[in-house]
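> no sequence on this one, just coordinates:
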Ligand code: AFD
Ligand code: MN
Ligand code: MN
C-alpha cells in the first residue's frame with residue numbers, strides 16, 4: 001500500500017458515518033421467544049447512552065435512528081428527546097414510524113382493505129413527520145409489514161394503488177412541512193407476509209419512490225434479499241439512477257436474520273462498497289448515502305455486536321477504497337477477466353487492521369474498539385446497574401441467562 005492509497009482510504013473513512021438503530025440496544029428476540037440480557041437497554045435514555053458508547057469507541061456513529069412508538073412516550077415533547085440524545089453525545093437520525101404492530105394492522109397498514117387501518121397508518125406517519133421536523137432529522141424511513149398469506153386473499157392491484165396514493169401524500173406533506181428531508185422506501189421479500197409482500201423487492205420500492213417524487217429514494221436492507229441475490233448489482237443500478245437513499249446493514253444466511261455485518265459473507269459487503277466507490281470514481285460525485293445499522297441480537301452481547309458491525313463496515317469500506325480503479329478499467333478494457341478479478345481481490349485480501357489502527361490513532365480512538373469494549377468492563381457494569389433499575393421498577397423478566 002503506498003501513501004496515495006492510504007490517504008484515499010483515510011479520506012473514505014473520514015466521510016463514512018454509520019447510524020445506529022435504537023432498537024438494536026434493547027432486548028429483542030425471534031418469534032420463538034426473547035432471551036434477555038441484563039445489560040440490554042430498557043429506556044430511550046439507555047439506548048442513547050449505549051449509542052454514545054459505540055460512537056466514542058468508533059468515532060463514526062454520531063446519529064441514532066429512532067422508532068416512534070418505542071422511543072417517544074405519547075405526548076412527550078420531541079425536543080426533550082433530542083436533548084436527551086445530545087446529553088449522550090449523539091443526535092437523532094432517521095425516524096421510523098411503526099405501522100406493523102397494532103392490532104388494526106392485521107390485514108395491512110396503507111394497503112389494508114380496511115379504510116380505518118389505512119387512516120390510522122397515515123395519521124401516525126403524519127405525526128412522525130411533525131416529530132422528524134421537530135428534532136431536526138433528515139430521513140423518514142418507511143418499512144411496511146404489508147402483504148398477504150394466501151392466494152386470493154386480496155387484490156394486489158388495489159393494494160398497490162392505495163399504497164402509491166398514500167406514499168405520494170406522505171412525500172407531498174414532507175416537501176411542504178419537512179423541507180430537505182428524504183423518504184426512504186424499504187423493501188423486503190417476505191415476512192410477516194408469507195404469500196406476497198406489497199413492497200417486495202428493489203423494483204417495487206423504486207416504482208413507489210419514483211411515484212412520490214424527488215424527495216423519495218430506495219433503502220437497501222442487506223438482509224432483505226432472497227438467497228444468492230446479487231445485491232451489489234441492485235446497488236449499482238440504483239446509484240446510477242440516483243435512487244439509492246441508503247442502507248440497513250446486517251448479514252444473512254437464510255432470510256432477514258439480522259446477523260452482524262460480514263459475519264456470514266464479508267466479500268459480499270466488500271462488493272457492495274466497491275460499487276459505491278466505483279460510482280464515486282466514475283462520476284466524481286458522493287451520493288451522500290444514509291449508512292445505517294439494522295440488527296438485533298439475543299446471543300451476542302448487544303453492545304459488542306454493534307461495535308463489531310461498525311468495525312466490519314469500516315474494514316470493508318476501507319478495503320473497497322483501496323481498489324486500483326485505473327488498473328481495473330484497463331483490465332476490463334482488455335477483457336482480462338482474471339486480471340480484473342485480481343485487482344478486486346488484491347484490495348479485498350489486504351489486511352487493513354494496521355491502516356484502521358493508524359486512522360483511529362489520528363482521531364484519538366482505540367485501535368481495536370471491540371477489544372477496548374470487552375476489556376472496559378462497561379457491559380458488566382451496565383448489567384449490574386440495569387438489573388437493579390429493573391428491580392426497583394418492579395420489572396420481572398423471568399431472569400436472564402447471562
Ligand atoms: C425489521 C424489519 C425492517 C425494519 C426494521 C426496523 O425487517 O428491517 O427496517 O424492523 O423497523 O427488521
Ligand atoms: Mn431494515
Ligand atoms: Mn429487517
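Structure's in. What do you need? What you see is a predicted model; the values in this text were computed from it and never measured. Ligands and ions are numbered 1, 2, ... in the order given.
> which element follows the lowest-mean-pLDDT helix or strand in the chain toward the C-terminus?
Ranked by mean pLDDT, DSSP states H and E, the helix or strand of the chain with the weakest confidence is strand 29-30, at a mean of 84. Later in the chain than strand 29-30, the nearest helix or strand by DSSP states H and E is strand 33-34.
> Show me how far that following strand is from its chain's centre.
Computed by C-alpha atoms, centre = their mean, to the nearest Å, the chain-centroid distance of strand 33-34 equals 22 Å.
> what does that strand contact?
With contact meaning C-beta atoms under 8 Å, 6 or more residues apart in numbering, strand 33-34 is reached by 27, 28, 298. For the C-beta atoms, the positions are set from N, CA and C on the backbone; glycine is no exception.
> Residues in contact with the least confident helix or strand of the chain: which ones?
Strand 29-30 is contacted by residues 35, 298 when judged by C-beta under 8 Å, 6+ apart.
> and it, which strands flank it?
strand 33-34 (antiparallel) (DSSP bridges).
> Residue of the stretch 301-402 of the chain closest to ligand 2, please.
residue 309 (13.2 Å; C-beta to the ion).
> any idea of the mean pLDDT for the helix or strand hosting that residue?
In the assignment (DSSP H and E), residue 309 maps to helix 302-321. For helix 302-321, the mean per-residue pLDDT is 98.
> Tell me if it is near ligand 1.
No. Between helix 302-321 and ligand 1, judged by C-beta under 6 Å from any ligand atom, nothing touches; the nearest distance is 14.0 Å.
> Now do that helix: distance to the chain's middle.
13 Å.
> Name the next helix or strand downstream of that helix, please.
Downstream of helix 302-321, the first helix or strand assigned by DSSP H and E is helix 325-333.
> What helices and strands are in contact with that following helix?
With contacts taken as 3 or more C-beta pairs under 8 Å, 6 or more residues apart in numbering; DSSP states H and E, helix 325-333 sits against helix 266-283, helix 337-348.
> what does this protein have sitting close to ligand 2?
Proximity of the chain to ligand 2, by C-beta under 5 Å from the ion, involves residues 221, 248, 294.
> Can you tell me the closest non-neighbouring residue to the last one?
In space, residue 294 comes closest to residue 248 once its chain neighbours are excluded; the distance is 3.3 Å by C-beta to C-beta, 6 or more residues apart in numbering.
> my guess is that neighbour is in a strand, correct?
Yes. Looking at residue 248 with DSSP: H, G, I helix; E, B strand; the rest coil, it is inside a strand.
> what residues are up against residue 22?
Going by C-beta under 8 Å, 6+ apart, residue 22 touches 44, 47, 48, 51, 64, 65, 66, 67, 70, 71.
> got these as JSON lines, with distance to residue 105 and secondary structure columns?
Converted to JSON lines, these look like this (distance: C-beta to C-beta, whole Å; DSSP: H, G, I helix; E, B strand; the rest coil):
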{"residue": "44", "distance to residue 105": "23", "secondary structure": "helix"}
{"residue": "47", "distance to residue 105": "24", "secondary structure": "helix"}
{"residue": "48", "distance to residue 105": "28", "secondary structure": "helix"}
{"residue": "51", "distance to residue 105": "28", "secondary structure": "helix"}
{"residue": "64", "distance to residue 105": "25", "secondary structure": "strand"}
{"residue": "65", "distance to residue 105": "21", "secondary structure": "strand"}
{"residue": "66", "distance to residue 105": "20", "secondary structure": "strand"}
{"residue": "67", "distance to residue 105": "15", "secondary structure": "strand"}
{"residue": "70", "distance to residue 105": "15", "secondary structure": "helix"}
{"residue": "71", "distance to residue 105": "19", "secondary structure": "helix"}
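> Same list (these) but as JSON lines, adding neighbour count.
Listed next are the contacts of residue 22 as JSON lines, based on neighbours: other C-beta atoms under 10 Å:
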{"residue": "44", "neighbour count": "22"}
{"residue": "47", "neighbour count": "29"}
{"residue": "48", "neighbour count": "27"}
{"residue": "51", "neighbour count": "30"}
{"residue": "64", "neighbour count": "29"}
{"residue": "65", "neighbour count": "25"}
{"residue": "66", "neighbour count": "30"}
{"residue": "67", "neighbour count": "19"}
{"residue": "70", "neighbour count": "14"}
{"residue": "71", "neighbour count": "26"}
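> Between the residues you listed, which sits nearest residue 88?
Comparing these against residue 88 with C-beta to C-beta places residue 48 closest, at 4.1 Å.
> That closest one reaches residue 64, doesn't it?
Yes. Counting by C-beta atoms under 8 Å, residue 64 is a contact partner of residue 48 at 6.5 Å.
> Pull up the overlap in contacts between those two.
22, 85, 90.
> Export the residues you listed as TSV, with columns for secondary structure and distance to residue 319.
Shown next, in TSV, are the shared contacts of residue 48 and residue 64 (DSSP: H, G, I helix; E, B strand; the rest coil; distance: C-beta to C-beta, whole Å):
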residue	secondary structure	distance to residue 319
22	helix	29
85	helix	32
90	coil	27
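> Name the nearest of these relative to ligand 1.
residue 22 (9.7 Å; C-beta to the nearest ligand atom).
> what's the neighbour count on the residue in the stretch 101-250 of the chain that ligand 1 sits nearest to?
As assessed by C-beta to the nearest ligand atom, ligand 1 sits closest to residue 143 within the stretch 101-250 of the chain, at 3.9 Å. A total of 21 residues lie near residue 143 under the criterion other C-beta atoms under 10 Å.
> again, but for residue 322
19.
> can you tell me which residues contact the residue nearest to residue 294?
For residue 248, the contacting residues are 21, 186, 219, 220, 221, 222, 223, 224, 292, 293, 294, by C-beta under 8 Å, 6+ apart.
> Show me where the stretch 101-250 of the chain has its strands.
139-142, 147-148, 182-186, 196-197, 216-221, 244-249 (DSSP state E, counting those that start in this stretch).
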